[in-house]
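Undergrad: Attaching a predicted model along with its sequence, questions to come.
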Amino acid sequence: MLITNDPALGEGPLGKRERAAIVFEEGRVLAVEDAGVDVDRRTDVAGRCVMPGFVDSHTHLVFAGDRSEEFAARMAGREYEAGGIRTTADATRRADRGELQRLTEARRFEGVRAGITHVEIKSGYGLEVAAEARSCEIARQLTEDVTFLGAHVLPSSFDHDPDAYVALVCGEMLAACAPFSRWIDAFCEEGAFTADQCRAVLQAGRAAGLEPRLHGNQLGPGDGVQLAVELGAASVDHCTYLDAADIEGLAGSSTVATFLPATDFSTRQPYPPARDVIDAGATVALATNTNPGSSNTTSMAFCLALAVREMRMTVDEAVLAATLGGATSLRREDVGLLSIGARADAIVLDARSPIDFVYRPGVPIVAETYVEGRRVWSDPQAPGDG
């Protein structure tokens, strides 16, 4: 089976085709044809499924340190709190550049093995001008979609003057990070930043040429979703606690609701009301939220399984959300699909259908990963001639 995510090329929203051939040339999709097309070089995937690579539109890959003890305490009953971010920020600032870059690259390659062909990477574990700029610069070596997240949590040194930190984020820190970034983000949540503070940060970022994204409605009901819609943010992420007005706002806007179910799994919070959001007509995405505190995974397959089992999404909806949905949340038309002219980012599954991501949860079924038409990873144990 070939999944293109282009209804013009096949059946249904996923553009499915049986016994098809896809032609790559110079890193792009040149053609989608019936099997047997004449090409210079051929790879027979032996009946396995080929689909667009995952687009992971929410990650925090640039960090050092470990919070496994915090995770264990949470499993024993302690609630998740945003303040744990400070622990990672301390470790990240202490790490030298070489170590931080090595750790980030290792996490990115782990994602490649899991079928993630394009990724967004946030800063947010520096919380100081030089440390945030270093994080953005390291991220920029791995993706065009770098997000400056200076407004992740309030550093302890600003506990008594949060407005001064917001001013720093909007001023000197933004100026240092903007050259490496495409996006600006903020954590709109009790224990992090208020809606007014987030509005100031996102507006300052937009004035500097960055487009807004937002963390919202993760730990409880709040103003995040409405603020994201008001500002025309590309995406509002988490969306765990939504009321009818939030869902209506998302459905009537271009803001993508990005669900991060591995986070809800790790924090033992409720899962987002995905069925209500989709049925209302909003655009949704799935992402891993890779980070050390609340979602230490690079497995999009795990997120798909949770989305279908716990959030009542169909398999096709989950696949679309983890590919084209992620691309839409990054306002990209070149990834997340295998239509003519798109970037040749694809994965080959050791399965005949993506349903195995859910039907066989936890089993690694990504056999090959292609980025811009080049095979960047292959499972040596997978069948086929590669």
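TA: The structure has been received and is ready for your questions. Residues are numbered from 1 along each chain as shown.
Undergrad: ok, now which ones touch Asp6?
TA: 15, 337-339 (C-beta atoms under 8 Å, 6 or more residues apart in numbering). (C-beta placed from N, C-alpha, C; glycine too.)
Undergrad: Kindly reformat the residues you listed as JSON lines containing secondary structure and pLDDT.
TA: Compiled in JSON lines, the contacts of Asp6 are given as follows (DSSP: H, G, I helix; E, B strand; the rest coil; pLDDT from 0 to 100):
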{"residue": "Gly15", "secondary structure": "coil", "pLDDT": "98"}
{"residue": "Leu337", "secondary structure": "coil", "pLDDT": "98"}
{"residue": "Leu338", "secondary structure": "coil", "pLDDT": "98"}
{"residue": "Ser339", "secondary structure": "coil", "pLDDT": "97"}
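Undergrad: need these in TSV with distance to Glu132, can you?
TA: Shown next, in TSV, are the contacts of Asp6 (distance: C-beta to C-beta, whole Å):
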residue	distance to Glu132
Gly15	40
Leu337	33
Leu338	36
Ser339	37
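Undergrad: Relative to Thr92, which of these is nearest.
TA: Set against Thr92, the nearest of the contacts of Asp6 by C-beta to C-beta is Leu337 (34.5 Å).
Undergrad: which one is the closest one nearest to, not counting chain neighbours?
TA: Asn5 (3.7 Å; C-beta to C-beta, 6 or more residues apart in numbering).
Undergrad: was I right about that neighbour contacting Lys16?
TA: No - counting by C-beta atoms under 8 Å, Asn5 stays clear of Lys16, with 9.6 Å between them.
Undergrad: Other residues contacting the lowest-mean-pLDDT helix or strand in the chain?
TA: None of the helices or strands of the chain scores lower by mean pLDDT, DSSP states H and E than helix 68-75, at a mean of 84. Helix 68-75 is contacted from outside by 80, 84, 87, 266-268, 293, 296, using C-beta under 8 Å, 6+ apart.
Undergrad: Make JSON lines out of the residues you listed and add neighbour count, secondary structure and pLDDT.
TA: Shown next, in JSON lines, are the contacts of helix 68-75 (neighbours: other C-beta atoms under 10 Å; DSSP: H, G, I helix; E, B strand; the rest coil; pLDDT from 0 to 100):
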{"residue": "Tyr80", "neighbour count": "19", "secondary structure": "coil", "pLDDT": "70"}
{"residue": "Gly84", "neighbour count": "17", "secondary structure": "helix", "pLDDT": "81"}
{"residue": "Thr87", "neighbour count": "17", "secondary structure": "helix", "pLDDT": "88"}
{"residue": "Ser266", "neighbour count": "20", "secondary structure": "helix", "pLDDT": "94"}
{"residue": "Thr267", "neighbour count": "19", "secondary structure": "helix", "pLDDT": "92"}
{"residue": "Arg268", "neighbour count": "11", "secondary structure": "coil", "pLDDT": "92"}
{"residue": "Gly293", "neighbour count": "25", "secondary structure": "coil", "pLDDT": "92"}
{"residue": "Asn296", "neighbour count": "17", "secondary structure": "coil", "pLDDT": "96"}
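Undergrad: Widest-spaced pair of those residues?
TA: Thr87 and Arg268 (19.4 Å).
Undergrad: Quick check: the residue nearest to Leu337 is in a helix.
TA: No - counting by DSSP: H, G, I helix; E, B strand; the rest coil, Asn5 is not part of a helix but coil.
Undergrad: burial count for it?
TA: By other C-beta atoms under 10 Å, the residues close to Asn5 number 23.
Undergrad: residue contacts, it?
TA: 13-15, 52, 320, 323-324, 336-339.
Undergrad: for the residues you listed, which one is nearest Glu25?
TA: Out of these, the member with the shortest distance to Glu25 (by C-beta to C-beta) is Leu338, at 13.2 Å.
Undergrad: what number of residues lie near the closest one?
TA: 27.
Undergrad: Do me a favour and get the backbone dihedrals for it.
TA: phi -120, psi 50 (degrees, to the nearest 10).
Undergrad: Identify the residues contacting the closest residue to it other than its chain neighbours.
TA: Sequence neighbours aside, Thr4 is the residue nearest to Leu338 in space, at 4.4 Å (criterion: C-beta to C-beta, 6+ apart). Going by C-beta under 8 Å, 6+ apart, Thr4 touches 10, 14-17, 22, 32, 52, 337-339.
Undergrad: With Arg312 instead?
TA: Counting by C-beta under 8 Å, 6+ apart, Arg312 has contacts 274-275.
Undergrad: Pull stretch 218-234 out as PDB, backbone CA atoms only.
TA: Below are the C-alpha coordinates for stretch 218-234, written out as PDB (Å, rounded to 0.1, in the frame of the first residue of the first chain):
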ATOM      1  CA  GLN A 218      -2.500  21.600  29.600                       C
ATOM      2  CA  LEU A 219      -2.900  21.600  33.400                       C
ATOM      3  CA  GLY A 220      -6.400  22.900  33.600                       C
ATOM      4  CA  PRO A 221      -9.000  25.200  31.900                       C
ATOM      5  CA  GLY A 222      -7.500  28.500  30.900                       C
ATOM      6  CA  ASP A 223      -7.100  31.300  28.400                       C
ATOM      7  CA  GLY A 224      -4.500  29.600  26.100                       C
ATOM      8  CA  VAL A 225      -6.700  28.400  23.300                       C
ATOM      9  CA  GLN A 226      -8.700  31.600  23.100                       C
ATOM     10  CA  LEU A 227      -5.400  33.600  23.100                       C
ATOM     11  CA  ALA A 228      -4.000  31.500  20.300                       C
ATOM     12  CA  VAL A 229      -7.100  31.900  18.200                       C
ATOM     13  CA  GLU A 230      -7.100  35.700  18.900                       C
ATOM     14  CA  LEU A 231      -3.600  36.100  17.700                       C
ATOM     15  CA  GLY A 232      -3.900  33.700  14.700                       C
ATOM     16  CA  ALA A 233      -1.300  31.400  16.100                       C
ATOM     17  CA  ALA A 234      -0.300  28.500  13.800                       C
END
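Undergrad: Quickly list the domain ranges of this protein.
TA: If you go by automatic domain parsing, the domain ranges for the chain are 2-52+336-378, 54-329.
Undergrad: just those: most buried one?
TA: domain 54-329 (a mean of 21; mean count of other C-beta atoms under 10 Å).
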